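*Asks:* Give me a 3D structure for the following:
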Amino acid sequence: MKPILQIAADADRLAAEAVEKLVTVAKVAIAQAGTFTVGFSGGSTPKAMFRLLASPAIASRIEWSKVEVYFVDERCVPPEDLESNFKLANDNLLSKVPIPPANVHRMKGEIDPNTAAIEYGRMLKARFGDGGLDLIYLGMGDDGHTASLSLTHLQ
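*Replies:* Numbering: from 1, shown residues only. Got it, this is the predicted structure:
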């Protein structure tokens, strides 16, 4: 698939366009495979999108029972921590739509980071094998970063 670059006039328009893309891809994926898998990150851009997705006019256009949510980045904090990307998604979207709790797959940020990453990686490998998600949304920080990754050399 060839990448497509779209430029939005402002953050609100970006969120609206992202929501429309999600609704379209969800409908196609559900029609073809019976499920729609999406990966979310945190930040202000996804937060605006989550709020739009949770609005009754948009939420009613999605078959939430056939949606599976994954997280493409997470901080090593408990799920109720203000820094948790899961909390951001849950507070602004997941708790407001009829998605089954079993369809939300978060990394356990409250346990040892290495253990959490290994567990999440194994779960993803078991679920997707060498495949991947139908759609991934990454926010972009003011400094241009799209994912905050840090590597630790273990001896």
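*Asks:* So what sits opposite the residue nearest in space to the middle of the chain in the bridge?
*Replies:* Centroid check for the chain by C-alpha atoms, centre = their mean gives Phe40 as the closest residue, at 1.4 Å. Phe40 has the following beta-bridge partners by DSSP bridges: Phe71.
*Asks:* can you pull out the helices in this protein?
*Replies:* Here the chain has its helices, by DSSP state H, at 11-33, 44-54, 56-59, 85-92, 113-128.
*Asks:* what sits up against the second one?
*Replies:* Residues outside helix 44-54 that contact it (C-beta atoms under 8 Å, 6 or more residues apart in numbering): 11-12, 14-16, 18-19, 22, 40, 58-59, 62, 88-89, 92-93, 96-97, 137, 139-140. (Glycine included, C-beta is placed from N, CA and C.)
*Asks:* Buried members of those residues into PyMOL, please.
*Replies:* Listed next is the PyMOL selection for buried residues among the contacts of helix 44-54, using 16 or more other C-beta atoms under 10 Å:
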select buried, resi 14+15+16+18+19+22+40+58+59+62+88+89+92+93+96+97+137+139
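*Asks:* Can you add mean pLDDT and distance to Met107 and give the helices of the chain back as CSV?
*Replies:* Formatted as CSV, the helices of the chain follow (pLDDT from 0 to 100; distance: least, C-beta to C-beta, whole Å):
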stretch, mean pLDDT, distance to Met107
helix 11-33, 95, 21
helix 44-54, 92, 16
helix 56-59, 97, 25
helix 85-92, 96, 8
helix 113-128, 94, 4
